[in-house]
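Peer 1: prediction below, plus the sequence it came from.
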Amino acid sequence: DTGVSQDPRHKITKRGQNVTFRCDPISEHNRLYWYRQTLGQGPEFLTYFQNEAQLEKSRLLSDRFSAERPKGSFSTLEIQRTEQGDSAMYLCASTRGDRSNSPLHFGNGTRLTVT
Amino acid sequence: TQLLEQSPQFLSIQEGENLTVYCNSSSVFSSLQWYRQEPGEGPVLLVTVVTGGEVKKLKRLTFQFGDARKDSSLHITAAQPGDTGLYLCAGNTGGFKTIFGAGTRLFVKA
């Protein structure tokens, strides 16, 4: 169990640029989640996958955001035409099992700064 | 709209003091979880409570789930500087979407 890995740890980009983040979940974890966390707040749900299927998306996820999990393993989160309001920590978590209260295992996040 | 409200937002205490933080909602949750997050890291699960009225203890931490499964509390006895961090409650109303409260930031001074 090597834990959830996120890459990069930090990303600084200029407004209007596209960015892509990667998450490698714990192997055999079938559910993968993306959250966004701003300073002083708890994680806000963005989306989750059951294997390769994206089952729910938050209304926070505008059409500039897209997430994929093509083979049911790693996932990518892309933000197009970044805005300063997108600056935040993007957290990925994974879990397994059929219970809704299975513990989420988080990565250490990707901190995005949009200048 | 599901919402988990945590209080207080910030707590600064001396080592050895006791404290309680709260997590409240108008919604019924099938389970509630408490996580602790340190700067630059992701949250780490402390406990899951699933039964109304349930009490769980983890060393100096005591977690309680309300009878109506709408609220929870975390009590820390004899706080230590190592308890410093952001304490988050999280819940599901039955599906697989887990939502989080805004957290209580605890600072324990030596």
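Peer 2: Cool, the structure landed.
Peer 1: residue 109: neighbour count?
Peer 2: Just going to use chain A. Using other CB atoms under 10 Å in any protein chain shown, residue A:109 has 26 neighbouring residues. C-beta here means a position set from N, CA and C on the backbone, and glycine is covered the same way.
Peer 1: try chain B instead
Peer 2: Neighbours of residue B:109 under the rule other CB under 10 Å: 11.
Peer 1: need the phi and psi values for it.
Peer 2: phi -90, psi 140 (degrees, to the nearest 10).
Peer 1: residues in contact with it?
Peer 2: Each residue near residue B:109 by CB atoms under 8 Å, 6 or more residues apart in numbering or on different chains is listed here: B:12, B:13, B:14, B:15, B:81.
Peer 1: 6 Å instead, please
Peer 2: residue B:14 (CB atoms under 6 Å, 6 or more residues apart in numbering or on different chains).
Peer 1: you'd agree residue B:82 is in a helix?
Peer 2: Yes. Membership of residue B:82 in a helix is supported by DSSP: H, G, I helix; E, B strand; the rest coil.
Peer 1: need the nearest residue in space to it, chain neighbours excluded.
Peer 2: residue B:108 (7.8 Å; CB to CB, 6 or more residues apart in numbering or on different chains).
Peer 1: identify the bridge partners of that neighbour.
Peer 2: Residue B:108 forms beta bridges with residue B:13, as assigned by DSSP bridges.
Peer 1: any idea how far it is from residue A:49?
Peer 2: Noted for residue B:108: a distance of 38 Å to residue A:49, by CB to CB, to the nearest Å.
Peer 1: related to what we said a few turns ago, now do the contacts for the residue nearest to residue B:82.
Peer 2: B:13, B:15, B:79, B:81, B:83, B:84.
Peer 1: helix, strand or coil for residue A:85?
Peer 2: Three-state secondary structure (criterion: three-state DSSP) places residue A:85 in helix.
Peer 1: list of residues touching the lowest-mean-pLDDT helix or strand in chain A?
Peer 2: In chain A, no helix or strand scores lower on mean pLDDT, DSSP states H and E than strand A:53-57, which sits at a mean of 91. Contacts of strand A:53-57 with the rest of the structure, by CB under 6 Å, 6+ apart, involve A:47, A:48, B:97.
Peer 1: between those residues, which is closest to residue B:3?
Peer 2: residue B:97 (13.4 Å; CB to CB).
Peer 1: list the backbone torsions phi and psi for residue B:48.
Peer 2: Torsion angles, degrees, to the nearest 10, at residue B:48: phi -120, psi 130.
Peer 1: who does it form a beta bridge with?
Peer 2: residue B:33.
Peer 1: hang on, isn't it packed against residue B:33?
Peer 2: Yes. In this structure residue B:48 lies within contact range of residue B:33 using CB atoms under 6 Å: 4.8 Å.
Peer 1: low pLDDT regions in the chain?
Peer 2: Just so you know, I chose chain A. A:1 (pLDDT under 70).
Peer 1: sorry, I should have been clearer: chain B.
Peer 2: In chain B (pLDDT under 70), the answer is B:1-2.
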